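Engineer: Any chance you can model this:
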Amino acid sequence: MNVHFIAIGGSAMHNLALALHKKGDLVTGSDDAIFEPSKSRLDAKGLLPQEMGWFSEKITSALDAIILGMHAKADNPELLKAQELGIKIYSYPEFLYEQSKNKTRVVIGGSHGKTTITSMILHVLHYHDMEVDYMVGAQLDGFDTMVNLTHTNEFMVLEGDEYLSSPIDRRPKFHLYKPNIALISGIAWDHINVFPTYENYVEQFSIFANSLANGGIMVYNEEDTEVKKIIENSNHHFKQYPYKTPDFKIEDGITYVATSIGDVPLEIFGKHNLQNMAGAQWICSHMGLGEEEFYDAIVSFKGANKRLEIIKKTATNIAFKDFAHSPSKVKATMEAVKEQYASKHVLACFELHTYSSLNADFLKEYKGTLDAADEAVVFYSPEAVAIKQLEEVSESQIKEAFGREDLIVFTDPDKFQEFLFAKQFENVALLLMSSGNYGGLNFEDVANLL
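Structural biologist: Sure, this is the predicted structure:
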C-alpha cells in the first residue's frame, strides 16, 4: 500500500508508520512539529518529513490511503485535499481494524490498567515465542515498536483506548475494533472534556461490550461494581469470565502470589497490578497458554514503561515515576507503594497536568487519593490552566479537593525542585506521578538524590 500519515509524529502514529514500513508498505507523512523519540526513530527509517508543516501537494491520487491523527485539525489542508480527491481516509483505530479484520482480535479496555494488562500479555507471549500482531500504549522491553502488523499472524492484541478516533470521527477508539476476545479492567470517570457526565462515560464501555462478536469471550473485573453491572446485565451473547485480585503475601519487600503450583515471586507489586495479572492470565489461557506457562513468563515482567518504573533503588531508598493522572490511578498507585514499603517514609508528588485534573469541578474526584502517603505534594502550572482555557484553581481549592490539610502545593517548578533537592533521603520511598514532567524536572537528577 501507498499510505500517507497526517500527523505522523505522535507516539501512536509514528509507531504505526514504522510498523507499515517494516511490513513493506510505502509510507510518507507530515506534521507541524515532531519531538523525540519520534523524530529520531522516523529519521532512522527515512520516514521523517523533510520540512515541518502541511503541504496539500503531497496528497495525490497515487495514494491508497490516508491515516489521520488526532493532532490534526478538521480544516487541515492535506485532509481537505484528500477529501477532494476521494482518497480513503482512516482514523488510527479504523486502519488497525482493517489490518486485522481476518484475525482473532483481542481488545483490552478499561479506565485504568489496560496498558499494563496488554504489556503483560505480550510479555508472556514473547517469552513463549508466540508471534502476534499488536498495538500497545507503551514501549516494552524486547519489542522494537508499539505496533506490529503482519500478513500471517493469527491474533491481533489491541489496547482499547476510550478516547476519540480522529478530528472527523468522534467515536471512541475501542468502539471500532469489534473484538472476538475482550477485557474490561475497571471504570473510573476520565476525559471529561469529551464525556461531560459520568453516565455518558460509562455508556462508552457498555457500547464496547456490545461490540464484541456474537459468542465471543468477555473477561472482566468482578471487583469493579460498574463493570460487573454492565457485563452481567448485558443482553449481548458472549461468554463471561470474571476475575479478581488473587491471594498474595509480601515478604522482605517481595510480593508472592498464591497459585495451584505454589507461591510465585513477582517483580511487580500492588493489588491493582495483581488484579491486572489475573485478567492477563485469563486472556493468555484463551490464547492457548496454561497456568504454569503463564507464571513461568510473568515472574520476569518488570512493568510497562512509566508504570511504577524504578528511577533508582539503593539499600535504604527507592524512587518511582508513574504515568498516573486520573483519580483511580493515583489512588491505586499510592496505596500499592505504601503497602509494599510500609516501613518507609512515603513521599508522594503528583502533578495536575491533564484537562480533567486541572478542571475545578473535577478536582473533587481526587478526594482521599493521596491519604496513604506520609507526605504529599501537588504541583500544577497556572500557565497550563490558562493554555487549556480553564477556570483558575487556588491552593486552598486543591487542599480541600484532596481532603488533606497538610498537603504541600507548588505552582513554581523551581520552588518544587528546591523542595525536592533539599530533602534528606533516609529510608524513603519517593513516588513521582504525572503525565508531564513537573515543568522540566530531570529524572536523572532525582536518581542522584538517592
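Engineer: hey, let's count contacts and neighbours off CA atoms from now on
Structural biologist: OK.
Engineer: Give me the domain ranges for the chain.
Structural biologist: Using automatic domain parsing, the domains assigned to the chain come out as 2-87, 95-298, 309-449.
Engineer: What's the end-to-end length of the last one?
Structural biologist: This points to domain 309-449. End-to-end distance of domain 309-449 (Cα to Cα, to the nearest Å): 17 Å.
Engineer: Now render the domains of the chain as CSV, adding mean pLDDT.
Structural biologist: CSV is the format used below for these (pLDDT from 0 to 100):
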stretch, mean pLDDT
domain 2-87, 96
domain 95-298, 94
domain 309-449, 90
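Engineer: how close does Ile398 get to Met334?
Structural biologist: Taking Cα to Cα, one finds Ile398 at 18 Å from Met334.
Engineer: One more: Leu420?
Structural biologist: Remark: distance between Leu420 and Met334 (Cα to Cα) = 18 Å.
Engineer: Strands of the stretch 201-350 of the chain, residue ranges please.
Structural biologist: 216-221, 238-243, 248-251, 254-259, 262-266, 309-313, 318-322, 345-352 (DSSP state E, counting those that start in this stretch).
Engineer: Partner strands of the third one and their direction?
Structural biologist: When you say that, I think you mean strand 248-251. Strand 248-251 has these partner strands in its sheet, going by DSSP bridges: strand 254-259 (antiparallel).
Engineer: Strand 262-266 and the strand it pairs with, what's the angle between them?
Structural biologist: On the basis of axes from the mean of the first three to the mean of the last three Cα atoms, to 10 degrees, strand 254-259 is oriented at 140 degrees to strand 262-266.
Engineer: Buried residues, stretch 251-268. List them.
Structural biologist: Thr255, Tyr256, Val257, Val264, Pro265, Leu266, Ile268 (16 or more other Cα atoms under 10 Å).
Engineer: any idea where the helices of the stretch 351-450 of the chain begin and end?
Structural biologist: 382-387, 395-402, 413-421, 443-449 (DSSP state H, counting those that start in this stretch).
Engineer: and Ile121, helix, strand or coil?
Structural biologist: Using DSSP: H, G, I helix; E, B strand; the rest coil, the structure places Ile121 in helix.
Engineer: Surely it touches Ile283?
Structural biologist: Yes: Ile121 is within contact range of Ile283, at 7.4 Å (criterion: Cα atoms under 8 Å).
Engineer: outside of stretch 261-281, which residues touch it?
Structural biologist: The contact list for stretch 261-281, computed with Cα atoms under 8 Å, 6 or more residues apart in numbering, reads 113, 116-118, 120-121, 183, 185, 219-221, 243-246, 254-258, 291-292, 294-295, 298-303, 332-333, 335-337, 339-340.
Engineer: Next step: those residues restricted to helices.
Structural biologist: By the criterion of DSSP state H, membership of those in helices covers 116-118, 120-121, 291-292, 294-295, 298, 332-333, 335-337, 339-340.
Engineer: Sort out which of those residues are buried, if you could.
Structural biologist: Buried among the ones in helices among the contacts of stretch 261-281 (16+ other Cα under 10 Å): 116-118, 120-121, 294-295, 298, 332-333, 335-337, 339-340.
Engineer: nearest to Leu42, of the residues you listed?
Structural biologist: Nearest to Leu42 among those: Thr118, at 24.4 Å, using Cα to Cα.
Engineer: Name all residues that make contact with the closest one.
Structural biologist: The contact partners of Thr118, by Cα under 8 Å, 6+ apart, come to Ile108, Val136, Val157, Leu158, Glu159, Ala280.
Engineer: what two of these are the furthest from one another?
Structural biologist: Val136 and Ala280 (13.8 Å).
Engineer: Please report the distance of Met120 from Ser40.
Structural biologist: Taking Cα to Cα as the measure, Met120 falls 27 Å from Ser40.
Engineer: So for Leu420 and Met334, which residue has more residues nearby?
Structural biologist: Using other Cα atoms under 10 Å as the criterion, Leu420 and Met334 rank with Met334 on top: 25 against 17.
Engineer: so what's the more buried one up against?
Structural biologist: Neighbouring residues of Met334 by Cα under 8 Å, 6+ apart: Ala348, Thr369, Leu370, Ala372, Ala373, Leu431.
Engineer: out of those residues, which are inside strands?
Structural biologist: Among the contacts of Met334, DSSP state E puts Ala348, Leu431 in strands.
Engineer: tell me which of the contacts of Met334 is nearest to Gly440?
Structural biologist: Looking across the contacts of Met334 and measuring by Cα to Cα, the closest to Gly440 is Leu431, at 16.7 Å.
Engineer: I'd say that closest one and Asp322 touch.
Structural biologist: Yes: Leu431 is within contact range of Asp322, at 7.5 Å (criterion: Cα under 8 Å).
Engineer: Would you point out the most distant pair within the buried ones among the ones in helices among the contacts of stretch 261-281?
Structural biologist: Distance extremes for these: the farthest pair is Phe294 and Glu335 at 26.2 Å, using Cα to Cα.
Engineer: what's the angle from the lengthiest helix in the chain to strand 262-266?
Structural biologist: Secondary structure of the chain per DSSP H: the longest helix is helix 271-286. Helix 271-286 runs at 110 degrees relative to strand 262-266, counting by the same axes, to 10 degrees.
Engineer: C-alpha coordinates for helix 271-286, PDB please?
Structural biologist: Only the C-alpha atoms of helix 271-286 are listed here, as PDB (Å, rounded to 0.1, in the frame of the first residue of the first chain):
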ATOM      1  CA  LYS A 271      -3.300  -5.100  44.400                       C
ATOM      2  CA  HIS A 272      -4.100  -3.300  41.100                       C
ATOM      3  CA  ASN A 273      -1.100  -5.000  39.400                       C
ATOM      4  CA  LEU A 274      -2.100  -8.400  40.800                       C
ATOM      5  CA  GLN A 275      -5.700  -7.800  39.600                       C
ATOM      6  CA  ASN A 276      -4.300  -6.800  36.200                       C
ATOM      7  CA  MET A 277      -2.200 -10.000  36.200                       C
ATOM      8  CA  ALA A 278      -5.400 -12.100  36.900                       C
ATOM      9  CA  GLY A 279      -7.100 -10.600  33.900                       C
ATOM     10  CA  ALA A 280      -4.000 -11.100  31.700                       C
ATOM     11  CA  GLN A 281      -3.900 -14.800  32.700                       C
ATOM     12  CA  TRP A 282      -7.400 -15.400  31.600                       C
ATOM     13  CA  ILE A 283      -6.600 -13.800  28.200                       C
ATOM     14  CA  CYS A 284      -3.500 -15.900  27.800                       C
ATOM     15  CA  SER A 285      -5.400 -19.000  28.600                       C
ATOM     16  CA  HIS A 286      -7.900 -18.200  25.800                       C
END
